[in-house]
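# Structure, please.
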Amino acid sequence: MKAKAKVGLHFMGRCHGIWAIWCYNYINEETGGSSAHKVTEVCTYNEAVETMYQLNGWGTPKNIYRKF
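Numbering: from 1, shown residues only. Coordinates of the predicted model:
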């Protein structure tokens, strides 16, 4: 799921060989710039997806497919 960036929205990505969850602090829609702080780090892709969903209030994902 790719949601549009919003302040307070959590997103995930790779960070030094593990997965991390960040939260947007600032977004400038005119320039496309943004700022975020790291919330937590997890070891697996599945943990990252589940944590991101919980932090965003989206419930629990039914199926997790890793596309890469």
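# Tell me which residues touch the residue nearest to S34 when sequence neighbours are not counted, please.
Among residues not flanking S34 along the chain, I27 sits closest, at 4.7 Å (CB to CB, 6 or more residues apart in numbering). C-beta here means a position set from N, CA and C on the backbone, and glycine is covered the same way. By CB atoms under 8 Å, 6 or more residues apart in numbering, I27 lies in contact with A5, K6, V7, G33, S34, S35.
# so what's I27 scoring on pLDDT?
pLDDT recorded at I27 is 91.
# and it, helix, strand or coil?
Put simply, I27 is strand when judged by DSSP: H, G, I helix; E, B strand; the rest coil.
# Distance-wise, check it relative to M12.
17 Å (CB to CB, to the nearest Å).
# got any ranges where the chain has weak pLDDT?
1-3, 68 (pLDDT under 70).
# ranges for the helices of it?
In the chain, the segments counted as helices under DSSP state H are 45-56.
# what sits against the residue nearest the centre of it?
Taking CA atoms, centre = their mean, the centroid of the chain lies closest to F11, which sits 1.4 Å from it. By CB under 8 Å, 6+ apart, the contact list for F11 reads A3, A5, I21, W22, Y24, A36, M52.
# which residues does the fourth one bridge with?
If I follow you right, that is W22. F11, K38 (DSSP bridges).
# about what we covered before: could you flag which of the contacts of F11 are buried?
Buried residues within the contacts of F11, defined by neighbour count using 16 or more other CB atoms under 10 Å: I21, W22, Y24, A36, M52.
# Do I have it right that the third one meets A36?
Yes. Y24 lies in contact with A36 (CB atoms under 8 Å); the separation is 5.0 Å.
# number of nearby residues for the nearest residue to P61 once chain neighbours are set aside?
Closest residue in space to P61, ignoring its immediate chain neighbours: Y53 at 5.3 Å, by CB to CB, 6+ apart. For Y53, the count of nearby residues is 17 (other CB atoms under 10 Å).
# what sits against Y53?
By CB under 8 Å, 6+ apart, the contact list for Y53 reads G59, T60, P61.
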